[in-house]
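Visitor: Whatever this is, show me its structure:
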Amino acid sequence: MATNNIKSTSEQKKPAVELAVFNLESITEVTDLQLIAKQIQQYLFVRGKTNLEQLQTHAYIPTVANIFALTGSVLDLLLYITDKKTGDAGTQQTALLGANLIGLFLEPNNQAHARMALRPMLGLMAECLYPENGKMKSTDIKRLGLHLNAMIAGDLEKFLQETLAKLPELLTNVTMLGLDILRSLGTPPSADFPITRIGSAGASAEKRDPKLKFTNWAVPLIDLLAAPSQSDDSAKIKVEASSALIQDALKATATLGSALQQQSNAGQKYTLAWLIQESLKAIKEQQKKANASVPTNQTGEHEQHTKGDILEFVSLQANALNAAPCTGVDSQTNNSINYSIGAEKVEHIDFSLPKINFSFSRHYHSQRGEFDNGMIGARWMMPFSSVIQQSPKGYIFIDDQGRKHQLPSSIAYQVLCCTIRKPHSSTIRRWRFNSKFGHRMELAVP
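Guide: Sure, this is the predicted structure:
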């Protein structure tokens, strides 16, 4: 019998843009950035019969040394040129472009740290508010506040209010940078491919430092392409063949300014100003709830961290091995059966504490055979569950969505304990190991 605790996992209407927000400290390699650089290279070749190596001679446009904002800005500009959306989708597409450019433009230098802090905050707002019926939860607001105070000391509400007031000026600067990059894309490349890249372009490709700058936007992307990759970085966006990149880039210069300036209109849904306005509303609502639930003789304490709270985002992620099956609206019934793959998926909430926005939930997937011996039941997982299995190529990490990720061969492990009995079989060895990045993991091997 269905209960209120059982709910369908059918997907809501997907937003026009997809992005992944994460804690910067969790990043140990540049695989996702390499994927974006490769996607940019593919766009240039398929649509313009050129590449980054050719364009670098026209790419001397100084920017802040923010590799996340740089990769995102160039990819978003290419999407604006070649696949410009309209309506709500167009507003979301331009908002993401504006957010990336905000984290990239250089002047004034003494405010670069604030703009670098703002970019992932806008990304988190978009991740929360762009899905159908999306909203900012108290945990999201807390992440914004901790991120802000890890980057610059300040009150979250005041920072967003000041940002909303300054947004038209920010977007004017953003427009100038975006137009400069568009013009460099619209400049015919030299006849011959350079054999080697230009030597000095400011900070190195992996930098994210408001005190440093890139002097050439193409060179950090070339550096990313040259670095060895630990994952599948196959291009994920299909690019239609054409030879009109130069013409399309110059044509886009006529509309980019007005499209970006429209992002300061808080009355238009999905704009950057709307994201900030909705976040401010959520903060006000949280304050009301907090005031109502805290006794008069009790005071609150502001929590401030400086390590592990800095956020970043990317709009493309490298492919996982054997990614979890599709979960879009067209592949799901109104109940728990995904008829595209014949799988059953159920989410169960065991208990919740609404006042502090906490719930304990677990989910079931009928095709997750790796979790047959899970501690909460066969093929049931919690949000923080994960498994590591041995494979012919090393080890595979299976995340809580059932996606399989090939672990880098550079992981060093150390055996710390011995054997335990495996039901219906002989014995298995249980390993615990520390990666070179300080992460501890446990592995069961037959």
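
Visitor: low-scoring pLDDT stretches of the stretch 51-200 of the chain, where are they?
Guide: By pLDDT under 70, the weakly predicted segments of the stretch 51-200 of the chain are 190-200.

Visitor: Going along the chain, name the helices of it.
Guide: 52-55, 67-82, 87-102, 112-129, 138-151, 156-185 (DSSP state H, counting those that start in this stretch).

Visitor: closest one to residue 209 among these?
Guide: helix 112-129 (8.6 Å; C-beta to C-beta). C-beta coordinates here come from the backbone N, C-alpha and C atoms, glycine included.

Visitor: That closest one vs helix 138-151, what angle?
Guide: 170 degrees (axes from the mean of the first three to the mean of the last three C-alpha atoms, to 10 degrees).

Visitor: Give the buried residues for helix 112-129.
Guide: 112, 114-129 (16 or more other C-beta atoms under 10 Å).

Visitor: quick one: the strands in the stretch 201-350 of the chain?
Guide: 208-214, 311-314, 337-338, 343-353 (DSSP state E, counting those that start in this stretch).

Visitor: Those strands: lowest mean pLDDT?
Guide: In terms of average pLDDT, strand 337-338 trails the rest of those, at a mean of 50.

Visitor: give the contact list for residue 114.
Guide: By C-beta atoms under 8 Å, 6 or more residues apart in numbering, the contact set of residue 114 is 151, 152.

Visitor: separation between it and residue 74?
Guide: 23 Å (C-beta to C-beta, to the nearest Å).

Visitor: what's the answer for residue 188, then?
Guide: Residue 188 is 18 Å from residue 74, by C-beta to C-beta.

Visitor: Tell me which of these two has more neighbours.
Guide: residue 74 (26 against 10; other C-beta atoms under 10 Å).

Visitor: Quick one: classify residue 375 as helix, strand or coil.
Guide: Assigned by DSSP: H, G, I helix; E, B strand; the rest coil, the conformation of residue 375 is coil.

Visitor: again but with residue 21, I slipped
Guide: Applying three-state DSSP: residue 21 is strand.

Visitor: okay, residue 365: pLDDT?
Guide: Taking residue 365 on its own, its pLDDT is 70.

Visitor: Share the number of residues neighbouring it, please.
Guide: Neighbour tally, residue 365, other C-beta under 10 Å: 22.

Visitor: what's next to stretch 83-101, contact-wise?
Guide: 15-17, 19, 69, 72-73, 76-77, 79-80, 118-119, 122-123, 126, 130, 171, 174, 177-178, 252, 259-260, 262-263, 268-272, 275, 315.

Visitor: Please check the residues you listed and keep the buried ones.
Guide: 15-17, 19, 69, 72-73, 76-77, 79-80, 118-119, 122-123, 126, 130, 171, 174, 177-178, 252, 259-260, 262-263, 270-272, 275, 315.

Visitor: check which helix or strand covers residue 43.
Guide: helix 31-48 (DSSP states H and E).

Visitor: I'd like the distance from the nearest residue to residue 112 once chain neighbours are set aside to residue 143, if you could.
Guide: In space, and not counting its chain neighbours, residue 112 is closest to residue 210: 3.8 Å by C-beta to C-beta, 6 or more residues apart in numbering. In this view, residue 210 and residue 143 are 20 Å apart by C-beta to C-beta.

Visitor: Then residue 285?
Guide: Taking C-beta to C-beta, one finds residue 285 at 17 Å from residue 143.

Visitor: Compare neighbour counts for those two and give me the winner.
Guide: residue 143 (20 against 14).

Visitor: Return stretch 42-58 as PDB; C-alpha atoms alone will do.
Guide: Taking Å, rounded to 0.1, in the frame of the first residue of the first chain, the C-alpha atoms of stretch 42-58 are listed here in PDB:
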ATOM      1  CA  GLN A  42      35.500  20.600 -31.300                       C
ATOM      2  CA  TYR A  43      33.200  23.600 -31.800                       C
ATOM      3  CA  LEU A  44      36.100  25.600 -33.300                       C
ATOM      4  CA  PHE A  45      37.000  22.800 -35.700                       C
ATOM      5  CA  VAL A  46      33.500  21.700 -36.800                       C
ATOM      6  CA  ARG A  47      32.000  25.100 -37.000                       C
ATOM      7  CA  GLY A  48      34.900  27.200 -38.100                       C
ATOM      8  CA  LYS A  49      37.700  24.900 -39.500                       C
ATOM      9  CA  THR A  50      40.000  26.400 -36.900                       C
ATOM     10  CA  ASN A  51      41.400  25.600 -33.400                       C
ATOM     11  CA  LEU A  52      42.700  27.200 -30.300                       C
ATOM     12  CA  GLU A  53      46.300  27.100 -31.600                       C
ATOM     13  CA  GLN A  54      45.300  29.300 -34.500                       C
ATOM     14  CA  LEU A  55      43.200  31.700 -32.500                       C
ATOM     15  CA  GLN A  56      45.700  32.300 -29.800                       C
ATOM     16  CA  THR A  57      47.400  35.100 -31.800                       C
ATOM     17  CA  HIS A  58      44.100  37.100 -31.600                       C
END
